[in-house]
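> Quick one, structure for this:
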Amino acid sequence: MTDGARTVLLGANGYLGRVTARALVERGIFPVLAGRNGGELSQLATELGGLDFRIADAADRSSLAALISPGDVVISTIAPFRTAGESVVRAAVTRRAHYLDVAIEPPFIQQVFQKWGRPAREAGVVVMPSVGFSFSPGSIAGAAALQEAGPQATKVQIGYFVLGDFEQGSFSAGVLDSITGALFQPGLVRRGGVVESEMPGLRERSYTIDGVERIATSIGGPEHFTLAQFQPRVRDVDVYIGWLRPDPNGQSLLPKSATGGARLSIGRALTKRKHRQMVRAADDGPDSLGRTAMVSMVIAEAQDAGGNTLARVTLTGPNPYDLTARLLAHHAAAVPNCEPTIAGAIGPVSAFGLSTAIEAARQAGLERVD
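Take a look at the predicted model:
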């Protein structure tokens with residue numbers, strides 16, 4: 001990192017925040033831990049060798065202004081982003097600090113790119129949403145597939161999967177709450193070169209993984225923006241999630257949100273209630289042993305205008321939590337060294353270049369398997 005650049009970790013006392021704090025320290029970055037629970041922050045700061053910590057509230061502008069300094073790298077793991085997200089982006093850009101987050105909620109992702117991209121460019125800072133398993137690997141794998149496919153590729157389809165011997169309790173309440181927001185808020189799709197709203201779950205497609213058919217559901221992600229940044233000829237981008245139970249039938253871990261009967265208002269309301277019940281019943285998150293039972297997989301396909309697959313890139317790696325934390329740590333170290341011309345709302349490939357982004361993914365544990 002450049003001299004004087006601090007890393008500020010908001011939400012450090014949450015489950016993903018704690019995992020991220022440890023990954024940062026392992027990389028030699030000693031973040032300022034920030035959140036609302038002073039006791040938990042103090043304990044974590046002591047466990048990690050005596051880190052600095054600050055009490056801060058994402059809903060309090062003065063609190064954020066006092067926390068963030070010009071040149072900082074702000075990492076936000078505060079979920080759900082539909083309620084706590086924009087205030088942190090605003091504070092970072094206003095204070096001329098770089099910003100990274102782990103958002104998976106399409107309306108917020110769209111807001112970051114379309115509302116905060118220009119202010120970030122004017123402030124000379126990088127704003128990068130959705131760092132981690134959701135959705136950095138898709139941007140990287142999609143760009144690699146486009147490069148391999150050549151000039152005929154104008155479409156990209158990306159599928160995300162969590163495989164292995166795990167249960168619903170392997171997902172923390174914060175992740176499940178964000179998933180609920182992602183599935184029941186307006187989604188995104190890129191069609192004909194334009195990013196449009198589309199209800200999540202409107203489309204499904206199947207993937208065969210280890211001989212098992214896995215059904216994945218459409219959702220919005222930053223790839224609708226980042227892949228067009230990498231290759232302007234990209235016209236259509238589809239993103240799917242297939243976070244499935246490891247059973248022979250590929251039964252979905254999460255209830256369908258907007259497919260089948262749930263498209264109807266009554267069915268949709270009932271399904272949303274089930275999601276909320278899952279959030280309330282969720283544990284803090286898996287321990288380190290529980291995380292090792294989970295495997296991340298991302299499949300990116302570059303296609304021509306007729307839908308023929310020209311190149312396919314499949315990445316597998318560690319569980320989503322450790323993968324996310326490692327990617328955040330890498331990006332936090334790299335972002336302050338970006339050229340001033342890179343400023344704005346961008347993805348990892350545009351920020352660091354494809355070869356460097358691929359190497360960052362490899363260091364985080366992602367390996368190509370096809």
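
> Could you list the low-pLDDT ranges of the stretch 51-200 of the chain?
Residues of the stretch 51-200 of the chain meeting the criterion pLDDT under 70: 166-181.

> now the strands for it?
With DSSP state E, counting those that start in this stretch as the criterion, the stretch 51-200 of the chain has strands at 53-55, 73-76, 98-101, 126-128, 155-164, 187-191, 194-198.

> Likewise for the stretch 251-370 of the chain?
Using DSSP E, counting those that start in this stretch, the strands of the stretch 251-370 of the chain run over 294-303, 309-317, 344-345, 367-368.

> out of those, which comes closest to residue 91?
Nearest to residue 91, of all the strands of the stretch 251-370 of the chain, is strand 344-345, at 15.6 Å by C-beta to C-beta. Any C-beta I mention is one placed from the backbone N, CA and C, and that applies to glycine too.

> what's that closest one in contact with?
By C-beta atoms under 8 Å, 6 or more residues apart in numbering, the residues outside strand 344-345 that reach it are 112-113, 116-118, 120-121, 126-129, 225.

> Going by neighbour count, which of these are buried?
Among the contacts of strand 344-345, those classed as buried by 16 or more other C-beta atoms under 10 Å are 112-113, 116-117, 120-121, 126-129, 225.

> So which of the residues you listed are in helices?
Using DSSP state H, the members of the buried ones among the contacts of strand 344-345 that fall in helices are 112-113, 116-117, 120-121, 225.

> before we move on, the earlier item: now the strands of the stretch 251-370 of the chain as a markdown table including mean neighbour count, distance to residue 103 and mean pLDDT?
Formatted as a markdown table, the strands of the stretch 251-370 of the chain follow (neighbours: other C-beta atoms under 10 Å; distance: least, C-beta to C-beta, whole Å; pLDDT from 0 to 100):
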| stretch | mean neighbour count | distance to residue 103 | mean pLDDT |
| --- | --- | --- | --- |
| strand 294-303 | 24 | 17 | 96 |
| strand 309-317 | 19 | 20 | 98 |
| strand 344-345 | 26 | 12 | 98 |
| strand 367-368 | 12 | 26 | 97 |
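
> closest to residue 59 out of the ones you listed?
Ranking the strands of the stretch 251-370 of the chain by their distance to residue 59 (criterion: C-beta to C-beta) puts strand 344-345 first, at 22.7 Å.

> That closest one pairs with which strands?
Taking DSSP bridges as the criterion, strand 344-345 forms sheet pairs with strand 126-128 (parallel).

> The partner strand: how far from the chain's middle?
With C-alpha atoms, centre = their mean, to the nearest Å as the basis, strand 126-128 stands 13 Å off its chain's centre.
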